[in-house]
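K.L.:
can't give you the sequence, but here's the structure:
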């Protein structure tokens, strides 16, 4: 079973994180939710989430992908956390999949793992770089890096993660079950 890591930091975007966690688990992907600094992480809209473990306790050997949810507060922490930044660099070095949605491509850029072509929440590109930014595409995969725009694209983004790690058949099965329109 493929395994992904979703690190959460205070200020993360709840809909993005929970949608990706839920839909990927429906797609038979083992999702590890790791907290930065604590096991209870408070989202941008004051929703607490209890994580599976702390980021410092994650064994990255069996990871197939790391996916960062957005939310500016959480993203700033992901961009400055040495463990998250190290994991991102290790995933790139090991040719593993890397994902980020909304503001989180900023943290990929901080680690030096953001591909040339990407998308993000409109205005965050000004904090990253304009070159390679595409505001007209909901989800972009460039090499092994998958980025998406935000809350409204989270379900389709999660389905694309399933498609990448589990194949089109599983992605289509989950899409049908949840009545997704993407």
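P.N.:
Arrived safely, thanks for sending. Computed from a predicted model, the values in this text were never measured in an experiment.

K.L.:
Would you list the phi and psi of the spatially most central residue of the chain?
P.N.:
The chain has residue 67 as the residue nearest its centroid, 2.5 Å off, counting by C-alpha atoms, centre = their mean. With angles defined as degrees, to the nearest 10, residue 67 sits at phi -130, psi 120.

K.L.:
my guess is it meets residue 6, correct?
P.N.:
Yes. Taking C-beta atoms under 8 Å as the definition, residue 67 is a contact partner of residue 6 at 5.3 Å. The C-beta positions use only the backbone N, C-alpha and C, and glycine is treated the same way.

K.L.:
shared neighbours, these two?
P.N.:
Residues touching both residue 67 and residue 6 comprise residue 20, with contact defined as C-beta atoms under 8 Å, 6 or more residues apart in numbering.

K.L.:
which of the residues in stretch 53-67 are buried?
P.N.:
Buried residues in stretch 53-67, defined by neighbour count with 16 or more other C-beta atoms under 10 Å: 55, 58, 60, 63, 64, 65, 66, 67.

K.L.:
Looking at these, spot the one nearest residue 153.
P.N.:
When the buried residues of stretch 53-67 are compared for distance to residue 153, the smallest value, 13.1 Å, is given by residue 67; criterion: C-beta to C-beta.

K.L.:
partners of the closest residue in space to the closest one that isn't next to it in sequence in the sheet?
P.N.:
Leaving aside its sequence neighbours, residue 67 sits nearest to residue 99 (C-beta to C-beta, 6 or more residues apart in numbering; 3.9 Å). Each beta-bridge partner of residue 99 is listed here: residue 67, residue 146, as defined by DSSP bridges.

K.L.:
Report how many residues lie close to residue 99.
P.N.:
The local packing of residue 99 (other C-beta atoms under 10 Å) involves 28 other residues.

K.L.:
so who does the residue nearest to the centre of the chain touch?
P.N.:
Residue 67 touches 4, 5, 6, 20, 98, 99, 100, 101, 161, counting by C-beta under 8 Å, 6+ apart.

K.L.:
Now render those residues as JSON lines, adding pLDDT and distance to residue 83.
P.N.:
Output for the contacts of residue 67, formatted as JSON lines (pLDDT from 0 to 100; distance: C-beta to C-beta, whole Å):
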{"residue": "4", "pLDDT": "98", "distance to residue 83": "16"}
{"residue": "5", "pLDDT": "98", "distance to residue 83": "11"}
{"residue": "6", "pLDDT": "98", "distance to residue 83": "14"}
{"residue": "20", "pLDDT": "98", "distance to residue 83": "20"}
{"residue": "98", "pLDDT": "98", "distance to residue 83": "15"}
{"residue": "99", "pLDDT": "98", "distance to residue 83": "18"}
{"residue": "100", "pLDDT": "98", "distance to residue 83": "16"}
{"residue": "101", "pLDDT": "98", "distance to residue 83": "20"}
{"residue": "161", "pLDDT": "98", "distance to residue 83": "22"}
